[in-house]
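Student: heads up, no residue letters with this:
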């Protein structure tokens, strides 16, 4: 097939390379604009752009999608279909109507659940046991188009946002090749989406990483996994940020009447913290501000954390 490809982050690179490797013709790639990055504010190109340039594929980086010149440019390529993976822009009806076979989206959830920008992390946060890839015929709504095919994988008990991202990136590449074969053969029957049983998978922000110790230990443990590697989960100890990378609930232990966020134990290799509903969270791997991430045992050898210390949020710190 002759394809217009639209995508921006790392998630969209594997499907692009898979399409190229399978012999599909990529007429052009649409991606987001280059952005300044780091302290030097040097311009950084989107991962999909970098991959496209390796293969000498024309790249378009429109600032506005509602631009007649853009529509005509896309139409001039004479593509059969558009494939979209985490592009980051809403496609207007004029662009959706350009390819004769429409626009197919690769979405990292089992739609209609987890429509939105961060389905991978929200599935872990909510304690789901499985997720997957949905290939979908795009319409004017946000992740609401007809489902073409779905591909399921389990979510492991130690799954992080990063590990699940990697698995779904590979699955997304396999899924789009399989879906395009089905569309070419006519074997796929699109089906309407029902109502979602989950909340909207909103985009993550750094601020969302702050731990609320009033939540129970199991929920906090899921958050730590979901937000690894970004935005990370953090709290504050002695006025400085403390990131938590690995932890586990102390099952079978229940403690009531203690302020949440209180350090219950900090000795040898064990850090226990009071969480909500009487639950207790054990911190296994942490990162002090300005330091590397390390096991709790190494952290305790180099700090003076003690029983009775309070782990808190910025708002609580500023009130003292």
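Tutor: Arrived safely. None of the values given here were measured: they were computed from a predicted structure.

Student: where is the longest helix in the protein?
Tutor: In the chain, ranked by residue count with DSSP state H as the criterion, the top helix is helix 161-185.

Student: that one - what's its average pLDDT?
Tutor: Averaging pLDDT along helix 161-185 yields 98.

Student: whichever helix or strand comes after that helix to helix 161-185, inter-axis angle?
Tutor: Per DSSP states H and E, helix 161-185 leads on to helix 217-226 as the next helix or strand towards the C-terminus. Calculated by axes from the mean of the first three to the mean of the last three Cα atoms, to 10 degrees, helix 217-226 forms an angle of 70 degrees with helix 161-185.

Student: which residues does the helix or strand that helix 217-226 is followed by contact?
Tutor: Using DSSP H and E, the helix or strand that directly follows helix 217-226 along the chain is strand 233-237. With Cβ atoms under 8 Å, 6 or more residues apart in numbering as the test, strand 233-237 has contacts from 209-211, 213, 220, 223-224, 227, 241-245, 261, 305, 309-314, 316-317. For every residue, glycine as well, the C-beta is placed using N, CA and C.

Student: now which of those residues would you call buried?
Tutor: 209-211, 213, 220, 223-224, 227, 241-245, 261, 305, 309-313 (16 or more other Cβ atoms under 10 Å).

Student: wait, residue 17 sits on residue 51?
Tutor: Yes - in this structure, residue 17 is within contact of residue 51 by Cβ atoms under 8 Å, at 6.4 Å.

Student: which one's more surrounded, those two?
Tutor: Per other Cβ atoms under 10 Å, whichever of residue 17 and residue 51 has more neighbours is residue 51, with 23 against 13.

Student: now do the SS call for the closest residue to the more buried one other than its chain neighbours.
Tutor: Closest residue to residue 51 apart from its sequence neighbours, by Cβ to Cβ, 6 or more residues apart in numbering: residue 13 at 5.1 Å. On the three-state scheme (DSSP: H, G, I helix; E, B strand; the rest coil), residue 13 is labelled helix.

Student: tell me the spacing between residue 13 and residue 172.
Tutor: To residue 172, residue 13 is 10 Å away according to Cβ to Cβ, to the nearest Å.

Student: compare neighbour counts for these two and give me the winner.
Tutor: More crowded of residue 13 and residue 172, by other Cβ under 10 Å: residue 172, with 25 against 21.

Student: my read: the more buried one touches residue 9, true?
Tutor: No - using Cβ under 8 Å, residue 172 is not in contact with residue 9, being 11.8 Å away.

Student: any residues in contact with both of those two?
Tutor: Contacts common to residue 172 and residue 9, judged by Cβ under 8 Å, 6+ apart, are absent.
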